[in-house]
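1. have a look at this fold, sequence not included:
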């Protein structure tokens, strides 16, 4: 791509994304970064040392945070697996791509429509090698596999974790689910990731490493089992941390460290675990279901030791990574995410790109809206979705009156003090705004893939 092409404003539906001077300079110098996106499954916001965990040791992720940026107000766009993964790949609210209701079951006939433009497809078109390792959960039929969505290669399990997904390389099944040893799965994914880096060290690459852990069933490798003070769940997280350490070491080995952006986050909040001071967990529209850890590291580009308290979401990575990789966004698929490269680079005066963020529940309904410090619950959240949350996860008591409930997240992150009665005009405005957004999204949504 020449400079004149790169200077063009990226237009996508009604949204425009202009590339920054740094993006232009990087393109001119041929310095497009390698990108590694690490996604965990059901990891709570406070399950890492750098987010305050007192009993789970995560030295490699803590180092990533010290050498990069840690986000305090990072949101996944759903409280369960499939919708968040759809949002990551497409830059859209899950409802826009019709993958917003529950999760895709094993042997389902639905998946991410191949007409959707994914991060992998955009970067592949810009000359990147693209690889997907781990849990896909955007369709178990071959027609919906990562290899049909812009990835050159795939190794992993395309379906859910519940003993119902076989293991594949590209589009070939290499092991039945019953033959897969879960306690070696994180290690196998890590070995594949390290090999992918070695194989593609001489060209730009995008690696999507999506761990099954720490989702149930709980298994950990022999080197980590019984080591954490948080039990088997903590063992799994400490093994994920070790995996991140191996990936970072591979970058160092191949002299790729300073030209690689590494992002670490989770698809939703924890199941059967607490994330204090946040209320609730996986599947609920309380903060613990949606607000998750996110760390970004890119030496020389992301200032070390930064903490970003601006609201950003999983949807923002498609336009951001496309811009950094020199990949213009197509004009025929409207998205909801924003280019947050300036926030990643720690620019002074940076603001959240969101006027409002909308929380959709596992039944596809809109449950809440956040604007600035204010969060309005339109529907009562589920206290739990999978199994039984421990008592410490239920920090708040539901108000005696039915919703709407209004919380000041800046002063009350645990959602304990309902202020709806004190600010009726704010409640009315946020409700009207949320309902209008939902109607528009319903009118604009695109079909999921069906075979």
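-> The structure has been received and is ready for your questions. Fair warning: this is a prediction, and the values are worked out from it, not measured in the lab.

2. doesn't residue 209 fall inside a helix?
-> No. Using DSSP: H, G, I helix; E, B strand; the rest coil, the secondary structure at residue 209 is strand, not a helix.

3. tell me the contacts of it?
-> Applying Cβ atoms under 8 Å, 6 or more residues apart in numbering, one finds that residue 209 lies in contact with 36, 37, 38, 39, 133, 134, 189, 193, 247. For every residue, glycine as well, the C-beta is placed using N, CA and C.

4. any chance of those in a markdown table with neighbour count as columns?
-> A markdown table is the format used below for the contacts of residue 209 (neighbours: other Cβ atoms under 10 Å):
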| residue | neighbour count |
| --- | --- |
| 36 | 26 |
| 37 | 21 |
| 38 | 25 |
| 39 | 22 |
| 133 | 25 |
| 134 | 27 |
| 189 | 24 |
| 193 | 24 |
| 247 | 22 |
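
5. pretty sure residue 263 is in a strand, no?
-> Yes. Read with three-state DSSP, residue 263 is one of the residues of a strand.

6. thinking again about what came up before, among the contacts of residue 209, which ones are in helices?
-> Those of these mapping onto helices are 189, 193, 247, per DSSP state H.

7. kindly state the pLDDT recorded for the nearest residue to residue 422 once chain neighbours are set aside?
-> Nearest non-adjacent residue to residue 422, counting by Cβ to Cβ, 6 or more residues apart in numbering: residue 406, 7.9 Å away. With respect to pLDDT, residue 406 scores 98.

8. what's the neighbour count on residue 406?
-> Neighbour count of residue 406, defined by other Cβ atoms under 10 Å: 22.

9. so it is in which element?
-> In this assignment (DSSP states H and E), residue 406 forms part of strand 405-408.

10. so after that strand, what's the next helix or strand?
-> Following strand 405-408 in sequence, per DSSP H and E, is helix 424-444.

11. which helices and strands sit right next to that following helix?
-> strand 357-360, strand 366-371, strand 374-377, strand 405-408 (3 or more Cβ pairs under 8 Å, 6 or more residues apart in numbering; DSSP states H and E).

12. so, low pLDDT: which residues of the protein?
-> Scanning the chain for pLDDT under 70 picks out the ranges 1-30, 163, 383-389, 392-396.

13. I'd like to check which residues are in contact with residue 189.
-> Residue 189 is in contact with 133, 134, 155, 156, 209, 211, 243, counting by Cβ under 8 Å, 6+ apart.

14. columns distance to residue 372 on top of the residues you listed, output as a markdown table?
-> Listed next are the contacts of residue 189 as a markdown table, based on distance: Cβ to Cβ, whole Å:
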| residue | distance to residue 372 |
| --- | --- |
| 133 | 38 |
| 134 | 35 |
| 155 | 42 |
| 156 | 39 |
| 209 | 34 |
| 211 | 33 |
| 243 | 36 |
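
15. ok, these vs residue 351, which is closest?
-> Here the nearest of the contacts of residue 189 to residue 351, counting by Cβ to Cβ, is residue 209; it sits at 30.4 Å.

16. from residue 136, how far out is the closest one?
-> Using Cβ to Cβ, to the nearest Å, one obtains 12 Å as the distance from residue 209 to residue 136.

17. ditto for residue 292
-> 19 Å.

18. hmm, back to that, reformat the helices and strands packed on helix 424-444 as CSV; add distance to residue 54.
-> Formatted as CSV, these follow (distance: least, Cβ to Cβ, whole Å):
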stretch, distance to residue 54
strand 357-360, 28
strand 366-371, 28
strand 374-377, 27
strand 405-408, 26
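
19. perfect, that will be all.
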